[in-house]
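Novice: structure, please.
(one chain, ligands or ions: 1)
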Amino acid sequence: MSETEPKGWFARLRGGLQRSSSALTERIAGIFTKRRLDDETLEQLEDALIISDIGVDTSRDLVRDLARGRYGKELSDIEVKEALAGLIAGRLEKLAEPLPHRDQHRPQVVLVCGVNGTGKTTTLGKLAKQATEAGLKVVLAACDTFRAAAVEQLQVWGERNGVPVIAARTGSDPAALAYEALDRARREGADLLMIDTAGRLHNKQVLMEELKKIIRVIKKLDPSAPHDTILILDATTGQNAHSQVDTFKTMVDITGLIVTKLDGTARAGVVVAIGDRYKLPVHAIGIGEKIDDLRPFEALPFARALMGLDRPS
Ligand SMILES: Nc1nc2c(ncn2[C@@H]2O[C@H](COP(=O)(O)OP(=O)(O)OP(=O)(O)O)[C@@H](O)[C@H]2O)c(=O)[nH]1
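Specialist: Predicted coordinates:
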């Protein structure tokens, strides 16, 4: 981790992942009380990883890689956790990619999608605030015009933080609003336009048409937009997050993920499974409701926190 990290981020990350790490490490400790790495312990370890939402294929690969050069040896649970953290970090390293700032596009258009309640609106607010603090001029578009509360939530947040929020009456056309927002962001010379969208999955056809229309319409002003299409996933949904990625991938071209609510769940392992399966960049993770609780995803600190280990040196 870099020296510029706010002090205590790793401690907070570890605290946030506490439920996930203690469930997982208790299982590992139960298997490895000075026991040989043999077929039986490897099978038990694979089960422990699967139960921790790390995914069937990834768990199998991790156990295979762990056995390489260690098979038949006596290992303590700490040695197993250290080795697994390294292997997990190695798999996720390439995917840890902060949301890119594309200054060749002005404004850079970021479309945010995801099921209702995953933390879309709050995440958007946090990202906007961080971008504003980094000196960027940000405009937000509240295109979840279906849910009045979502629009109000974003408006209140925008007022509090001095970020303009383009909103319309409930029920109005989200695509028209997205167009208006991009037009205004261009005229005002904004660096970043972030578009919040609806997430009511119970009517997939309507949602898909709505998302496609938003994209079609903003392309009329900027054929290269949206430059990023981010799916927000809620870690507490565990394996359900996989079907959310599958569903949204059929609707839009997802370019990256943000995983929220890693605190208060024992299912943080799902980040490993999703990263491994979809190979989509993970831009950030959320470990709480405060603005500083959303941070760029970093593979090694995450993997070590998941294993309940100390911060990387
Ligand atoms: N504990 C925790 N809570 C979070 C995190 N991210 C968001 N939340 C909370 O999750 C709840 C839902 O967040 P919203 O941003 O309203 O979710 P949304 O996806 O926009 O939902 P709609 O507005 O219904 O579309 C809020 O109470 C947030 O404060 C996180 O990382 N950790």
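Novice: residue ranges of the helices in the protein, please?
Specialist: Ranges of helices within the chain are 9-16, 18-31, 39-51, 56-67, 77-92, 120-133, 148-161, 174-187, 204-221, 240-251, 270-278, 299-306, based on DSSP state H.
Novice: and the closest residue to Glu180 other than its chain neighbours, how far from His227?
Specialist: Nearest residue to Glu180, sequence neighbours excluded (C-beta to C-beta, 6 or more residues apart in numbering): Ile166, at 6.2 Å. Every residue, glycine included, has its C-beta placed from N, CA and C. Between Ile166 and His227 the distance is 18 Å, computed by C-beta to C-beta, to the nearest Å.
Novice: of the two, who's got more company?
Specialist: Legend: neighbour count by other C-beta atoms under 10 Å for Ile166 and His227, higher for Ile166 (22 against 18).
Novice: in JSON lines: the helices of the chain, plus mean pLDDT, mean neighbour count and distance to the ligand.
Specialist: Shown next, in JSON lines, are the helices of the chain (pLDDT from 0 to 100; neighbours: other C-beta atoms under 10 Å; distance: least, C-beta to the nearest ligand atom, whole Å):
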{"stretch": "helix 9-16", "mean pLDDT": "88", "mean neighbour count": "18", "distance to the ligand": "8"}
{"stretch": "helix 18-31", "mean pLDDT": "87", "mean neighbour count": "18", "distance to the ligand": "12"}
{"stretch": "helix 39-51", "mean pLDDT": "93", "mean neighbour count": "17", "distance to the ligand": "22"}
{"stretch": "helix 56-67", "mean pLDDT": "96", "mean neighbour count": "18", "distance to the ligand": "23"}
{"stretch": "helix 77-92", "mean pLDDT": "95", "mean neighbour count": "19", "distance to the ligand": "18"}
{"stretch": "helix 120-133", "mean pLDDT": "91", "mean neighbour count": "21", "distance to the ligand": "3"}
{"stretch": "helix 148-161", "mean pLDDT": "82", "mean neighbour count": "17", "distance to the ligand": "4"}
{"stretch": "helix 174-187", "mean pLDDT": "94", "mean neighbour count": "20", "distance to the ligand": "13"}
{"stretch": "helix 204-221", "mean pLDDT": "92", "mean neighbour count": "16", "distance to the ligand": "12"}
{"stretch": "helix 240-251", "mean pLDDT": "92", "mean neighbour count": "16", "distance to the ligand": "11"}
{"stretch": "helix 270-278", "mean pLDDT": "95", "mean neighbour count": "23", "distance to the ligand": "12"}
{"stretch": "helix 299-306", "mean pLDDT": "95", "mean neighbour count": "24", "distance to the ligand": "14"}
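Novice: hmm, back to that, show me what contacts the residue nearest to Glu180?
Specialist: Contact partners of Ile166, counting by C-beta atoms under 8 Å, 6 or more residues apart in numbering, are Val139, Leu140, Ala141, Ala142, Leu177, Glu180, Ala181, Arg184.
Novice: one more: Arg60?
Specialist: Counting by C-beta under 8 Å, 6+ apart, Arg60 touches Glu46.
Novice: show me the beta-bridge partners of the residue nearest to Glu180.
Specialist: For Ile166, the beta-bridge partners under DSSP bridges are Ala141.
Novice: which residues does the nearest residue to Leu154 once chain neighbours are set aside contact?
Specialist: Spatial nearest neighbour of Leu154, excluding adjacent residues (C-beta to C-beta, 6+ apart): Ala142 at 4.5 Å. Applying C-beta under 8 Å, 6+ apart to Ala142 gives the contacts Ala150, Val151, Leu154, Gln155, Val165, Ile166, Ala167, Ala168, Leu177, Asp196.
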